[in-house]
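Participant: Take a look and give me a structure for this.
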Amino acid sequence: MTTLDTLELPETKDPYEPVVARLIETEPLTELERLFVFEPSDGQVLGHRPGQFVQVWIPGVGEAPISICSSPTRGRTFELCVRRVGEVTSHLHRLTAGEEIGVRGPLGNGFDMTAMQGQNVLVIAGGLGLAPARSVIEYVLDERARFDEFHVLYGARSPAEVLFRHDLIRWRHREAINLLVTVDRPDEQWRGRSGVVTKLFADLPRLNPERTCAVVIGPPVMFKFVVVELLARGIPHDRIFCSLERRMRCGIGKCGHCQINADYVCVDGPVFTYERMRELPEAVT
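Facilitator: The predicted structure follows:
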């Protein structure tokens, strides 16, 4: 089992060379999203950090960057939450167990879980941002004794778009995590909180800002409002970690598609501290 003691960046792999991964199982999460469980066919672990991503390659179809949504503590398999939005992802949604794809990675700069050790961890996720956030959440739960208070705020647009329902139920029944969920547009059957994710801050206990690390993952419009709440609670700029997914394409900083000034989101990110993001005003536009 991978722990904080053994969680190191994997040996450098050829970023141009995909590894064959076999689909173990898949299940629908919403009308547009499916969860996929893959295993590298060479028997090696992926060796990722929470927050990293892979380039999924479908021969004859193309490539797409997809965040890893499983914890590196979970053995040889890794999981991807895929939204059906284009040719590559539509092809993925048609895969059945036993079929194979190509995978490059893990790629990018993930979350520094070692730096969070001994700290309160506050995760704020919006929409599809719960997918990469799930990697952080499962890691903290697997290594729970190494962290202090653990709070997760999650917001979705509607009940139909809530991801990982089974996980949310499982997490809610664990004493080791304080989970708050809201939807922007509730329907008649919804019995939970309603409103934007920042409304959930009112239900948080007071946290020592000097001992709190915040993880923010979601659509660009969410960032500035969430960061305002975090700064109002005194959390330092260098303890706010944001994950961006800005038009990534090649995954290795060559195409320039995700370039912001001198930084490439696919290489220097997708995880940046808010302190660094302040120098990248285009990052969330």
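
Participant: Using the three-state scheme, assign the residue nearest the centre of the chain.
Facilitator: By CA atoms, centre = their mean, the chain has its centre lying nearest to Pro132, at 1.1 Å. Following DSSP: H, G, I helix; E, B strand; the rest coil, the label given to Pro132 is helix.

Participant: That one - nearest residue in space that isn't next to it in sequence?
Facilitator: Leaving aside its chain neighbours, Pro132 sits nearest to Ser67 (3.9 Å; criterion: CB to CB, 6 or more residues apart in numbering). Every residue, glycine included, has its C-beta placed from N, CA and C.

Participant: Now the phi/psi pair for that neighbour, please.
Facilitator: phi -70, psi 140 (degrees, to the nearest 10).

Participant: And for stretch 30-43, what's in contact with it?
Facilitator: Under the contact criterion CB atoms under 8 Å, 6 or more residues apart in numbering, stretch 30-43 has outside partners 19-29, 46, 69-70, 76-85, 92-93, 95, 100-101, 103, 128, 160-164.

Participant: which residues touch the residue nearest to Pro132?
Facilitator: Neighbouring residues of Ser67 by CB under 8 Å, 6+ apart: 51-53, 80-81, 131-132, 135, 243, 245, 270.

Participant: Please flag which of the residues you listed sit within strands.
Facilitator: 53, 80-81, 243 (DSSP state E).

Participant: Can you tell me which of these is nearest Met222?
Facilitator: Ser243 (11.5 Å; CB to CB).

Participant: Count the neighbours of that closest one for me.
Facilitator: Around Ser243 there are 28 other residues, counting by other CB atoms under 10 Å.

Participant: ok, now Leu130?
Facilitator: Neighbour tally, Leu130, other CB under 10 Å: 27.

Participant: domain ranges for the chain?
Facilitator: 19-107, 120-243 (automatic domain parsing).

Participant: Adding distance to Glu279, write those domains out as a markdown table.
Facilitator: Output for the domains of the chain, formatted as a markdown table (distance: least, CB to CB, whole Å):
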| stretch | distance to Glu279 |
| --- | --- |
| domain 19-107 | 20 |
| domain 120-243 | 11 |
